[in-house]
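# fold the following, please.
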Amino acid sequence: MSTYTNAKELSNLALGKTTNYCSQYNPELLQAVPRSLNRDSLDLNANKLPFIGEDVWYGYELSWLNDKGKPVVAVAEFSFSCTSPNIVESKSFKLYLNSFNQTKFSSWQDVELALTTDLSSTAGTDAKVKLFSVSHCPALALPDDTALCIDDLDVEIDDYQLAPELLKTANSTQAANVEEYLVCHLLKSNCLITNQPDWASIYITYSGKQICHETLLKYLISFRQHNEFHEQCVERIFCDLQRYCLLENLTVFARYTRRGGLDINPFRSTTNKKAPKLRTLRQ
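Numbers count the residues shown, from 1 in each chain. Okay, here's the model as predicted:
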């Protein structure tokens, strides 16, 4: 079984190590992590995934020089299919973006092309890149959201270790069939390598037997001391809900707070749709 724990593929990552910053364009800074690591523990077959989805990243610290040496700044939207062989390791991504800072590019299109080419090569499939002005970017909008927040439920917590078995009692065959759109802002996990906290709002849309909100909240809080990458946490939540709850359709979308100018937003769904243009105050 392949897992991230002690995997040789992680031994050469810059993550968790002292690193010098490079200010000249250098695509060799990018590092890949195979998605296959740890998917085995979820019984996920790369050729027959139970979900459709993407990982959407936003970059807020992208800058380069124009032909006259004048700085240009932009907000970037990056999208990677969940079927790509690799994820882009986040620290290497930050170092790579930093390498644009003192590099001259003739146009925004040239920057977008370089980003698309390099990230596609690292991910192992076509990456999508869009650049926006910092004063006009749909990703920066804060639209009204109708999700029902479950954070204020009065639950007692005495254990913060991952506990998917809690979902065994999340619903019953006698429960009514419903459609719900829920959000919890209390999701916290830790980086697999550095143990730094990762904070997120998690949005769950489903149809099927109603899930007990208190049980779901306890389950999400049980990630609080769990060490795993963002993408893997979302896939674990998706698979646990599919395994234990009687659902017809399911979408799980996490909005992680940014670190080093990047926020990561994994989206997994049983329906063929893209991640919504949603942003939280913490981003």
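# rounded mean pLDDT for stretch 264-272, please.
For stretch 264-272, mean pLDDT is 96.
# which other residues reach that stretch?
Outside of stretch 264-272, the residues within contact range by Cβ atoms under 8 Å, 6 or more residues apart in numbering are 50-58, 82, 90, 230-231, 233-235, 238, 249-256, 274-275. (Glycine included, C-beta is placed from N, CA and C.)
# tell me the pLDDT of the residue in the chain sticking out farthest from the centre.
In the chain, counting by Cα atoms, centre = their mean, K68 sits farthest out from the average C-alpha position, at 36.6 Å. K68 is assigned a predicted lDDT (pLDDT) of 94.
# so how far is S106 from it?
Counting by Cβ to Cβ, to the nearest Å, the gap between K68 and S106 amounts to 11 Å.
# where does the protein dip in pLDDT?
Across the chain, the ranges flagged by pLDDT under 70 are 1-19, 173.
# now do the helices in it.
Ranges of helices within the chain are 90-98, 108-123, 213-221, 230-244, based on DSSP state H.
# now those helices as CSV including mean neighbour count?
CSV is the format used below for the helices of the chain (neighbours: other Cβ atoms under 10 Å):
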stretch, mean neighbour count
helix 90-98, 22
helix 108-123, 17
helix 213-221, 20
helix 230-244, 22
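# export those helices to a markdown table and tack on distance to Q196?
Shown next, in a markdown table, are the helices of the chain (distance: least, Cβ to Cβ, whole Å):
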| stretch | distance to Q196 |
| --- | --- |
| helix 90-98 | 11 |
| helix 108-123 | 22 |
| helix 213-221 | 19 |
| helix 230-244 | 12 |
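# of all those helices, which lies closest to D43?
Of all those, the one in closest proximity to D43, counting by Cβ to Cβ, is helix 230-244 (7.8 Å).
# so what's the residue count around D126?
Using other Cβ atoms under 10 Å as the criterion, D126 is surrounded by 12 other residues.
# next one: W199
Counted with other Cβ under 10 Å, W199 comes out at 15.
# my guess is it contacts R255, does it?
No - using Cβ atoms under 8 Å, W199 is not in contact with R255, being 9.7 Å away.
# identify the contacts common to the two.
Joint contacts of W199 and R255 (Cβ under 8 Å, 6+ apart) are R282.
# one step back: just the buried ones from the contacts of stretch 264-272?
Buried members of those, scored by 16 or more other Cβ atoms under 10 Å, are 50-58, 82, 90, 230-231, 233-235, 238, 250-256, 275.
# quick check: S201 vs N190, distance?
If you go by Cβ to Cβ, the gap between S201 and N190 works out to 17 Å.
# those two: who's more crowded?
Ranked by neighbour count (other Cβ under 10 Å), S201 and N190 place S201 first, with 25 against 17.
# is it true that the more buried one touches D263?
No - under the criterion of Cβ under 8 Å, S201 makes no contact with D263, lying 10.8 Å away.
# common neighbours of those two, please.
Common neighbours of S201 and D263, counting by Cβ under 8 Å, 6+ apart, are R255.
# report the buried residues of stretch 185-205.
In terms of neighbour count (16+ other Cβ under 10 Å), stretch 185-205 has its buried residues at 185-193, 198, 200-205.
# CA atoms only for it, dumped as PDB, please.
Extracted in PDB, the C-alpha atoms of stretch 185-205 (Å, rounded to 0.1, in the frame of the first residue of the first chain):
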ATOM      1  CA  HIS A 185     -15.500  26.900   9.300                       C
ATOM      2  CA  LEU A 186     -13.900  24.800  12.000                       C
ATOM      3  CA  LEU A 187     -11.900  22.400   9.900                       C
ATOM      4  CA  LYS A 188      -8.200  22.300  10.800                       C
ATOM      5  CA  SER A 189      -5.600  19.800   9.900                       C
ATOM      6  CA  ASN A 190      -1.800  19.900   9.900                       C
ATOM      7  CA  CYS A 191       0.800  19.800   7.200                       C
ATOM      8  CA  LEU A 192       2.200  16.300   6.700                       C
ATOM      9  CA  ILE A 193       5.800  17.500   6.600                       C
ATOM     10  CA  THR A 194       6.100  20.600   8.800                       C
ATOM     11  CA  ASN A 195       3.100  20.000  11.200                       C
ATOM     12  CA  GLN A 196       2.000  23.700  10.600                       C
ATOM     13  CA  PRO A 197      -1.800  24.200  10.900                       C
ATOM     14  CA  ASP A 198      -3.900  24.300   7.800                       C
ATOM     15  CA  TRP A 199      -7.200  26.100   8.300                       C
ATOM     16  CA  ALA A 200     -10.200  25.800   6.000                       C
ATOM     17  CA  SER A 201     -13.900  26.300   5.500                       C
ATOM     18  CA  ILE A 202     -15.500  23.200   4.100                       C
ATOM     19  CA  TYR A 203     -18.700  23.200   2.000                       C
ATOM     20  CA  ILE A 204     -20.700  20.100   1.700                       C
ATOM     21  CA  THR A 205     -23.600  19.700  -0.700                       C
END
